[in-house]
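J.: would you be able to build a 3D model of this:
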Amino acid sequence: MGKRVALGVCMLAALASAAYGVHVWAAHSGTSFWMMWIAIACVFVAAGLAAWFGWWKALPKVVRRMCAVVACIALISFGTIEGFVASGMRAAGEPGLDYAIVLGAQVHKTRPSLVLKYRLDKAIDYLESNPNTICIVSGGKGANEPFPEAQGMAEYLERHGVAASRIIRESKSEDTRQNIANSRKLMTKRNASVGIITSDFHVFRAMQIARDQGLANARGIASGSPGDMLVNNMLREFFAELKYLVKR
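T.: From the prediction side, this is the model:
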């Protein structure tokens, strides 16, 4: 009975993971992270088969203990990092900033991706409330994009009433580190106050990078993000944060 329950639970988890991976793929987010969910589904299948055929019990006790220790460390690390990520998800910045940097994301031929639209709409709200703030839109052209992200971002802001004179385009960046470093070079004011507008799940890491780039007084401004993609984005951000810590 225990084997059947374990196998059933694992197979249901595998189906759910695979289905969610397909959903993420269909969203055309511009990344291949949807494949992680397929990999997770495969892990659940393997776990179910191991329970059914007794592979786990066949392993030496020392190996099972080592696996358990590794799993505990992984869970603690995951919970800790996700806690820090969540701590930045309500960042609101402050009024009257000199500059607001909007970090780029996937653009399509006729519109920004949904993630980028959330960021741009947040920028519009902030710029309307703070008429003296200059906006820097930052993002280069990816292999799967029709033009630089900065171009699409600027055009979207202008269509929604932001004067072109308030927008500076930074169109060479390929990642968050370059977004912030290249945008900083475009600031003409010394000791300027800066807001970093990005998705809620991305604020914590973006602020770490901003401090690395010398923007010690930068403020995070969190936009929303698609609710159905939040689990995917939080998991992706976990791995992105690990990569950042290793390369730091």
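J.: ok, and what's touching the lowest-mean-pLDDT helix or strand in the chain?
T.: When each helix and strand of the chain is scored by mean pLDDT, DSSP states H and E, helix 55-58 comes last, with a mean of 83. If you take C-beta atoms under 8 Å, 6 or more residues apart in numbering as the criterion, helix 55-58 is touched by L49, A50, R64. The way it works is simple: take the backbone N, C-alpha and C, and place the C-beta from them, glycine included.
J.: which residues touch the second one?
T.: The one in question is A50. A50 is in contact with W56, counting by C-beta under 8 Å, 6+ apart.
J.: that one sits in which helix or strand?
T.: helix 34-53 (DSSP states H and E).
J.: what residue spans form the domains of the chain?
T.: 2-58, 99-247 (automatic domain parsing).
J.: can you tell me which of the ones you listed the model trusts least?
T.: Lowest mean pLDDT within those: domain 2-58, a mean of 90.
J.: show me how far that domain is from its chain's centre.
T.: 23 Å (C-alpha atoms, centre = their mean, to the nearest Å).
J.: again, but for stretch 139-148
T.: The chain centre lies 18 Å from the centre of stretch 139-148; the measure is C-alpha atoms, centre = their mean.
J.: tell me the buried residues in it?
T.: For stretch 139-148, the neighbour count (16 or more other C-beta atoms under 10 Å) marks G139, G140, K141, G142, E145, P148 as buried.
J.: mind listing what's buried in the biggest helix by length in the chain?
T.: Determined from DSSP state H, the single longest helix within the chain is helix 61-87. For helix 61-87, burial by neighbour count (16+ other C-beta under 10 Å) applies to I81, E82, V85.
J.: how about stretch 226-237?
T.: In stretch 226-237, counting by 16+ other C-beta under 10 Å, buried: P226, M229, N232, N233, M234, L235, R236, E237.
J.: what strand or helix carries the fifth one?
T.: Counting by DSSP H and E, the element that carries M234 is helix 230-247.
J.: tell me the SS of the spatially most central residue of the chain?
T.: The residue lying closest to the centre of the chain (C-alpha atoms, centre = their mean) is H202, at 4.6 Å. With DSSP: H, G, I helix; E, B strand; the rest coil as the basis, H202 sits in helix.
J.: ok, and the closest non-adjacent residue to it?
T.: E237 (6.6 Å; C-beta to C-beta, 6 or more residues apart in numbering).
J.: same check, this time on G96
T.: Nearest to G96 is N130, by C-beta to C-beta, 6+ apart, at 5.9 Å.
J.: contacting residues for the one you found?
T.: Counted by C-beta under 8 Å, 6+ apart, N130 has contacts P95, G96, L97, A100.
J.: coming back round to it: for R4, state which of the buried residues of stretch 139-148 is nearest.
T.: Within those, the smallest distance to R4 is 46.9 Å, found for G142 (C-beta to C-beta).
J.: quick check, the closest one in contact with H108.
T.: No - the criterion here is C-beta atoms under 8 Å, and G142 misses it with H108 at 11.4 Å.
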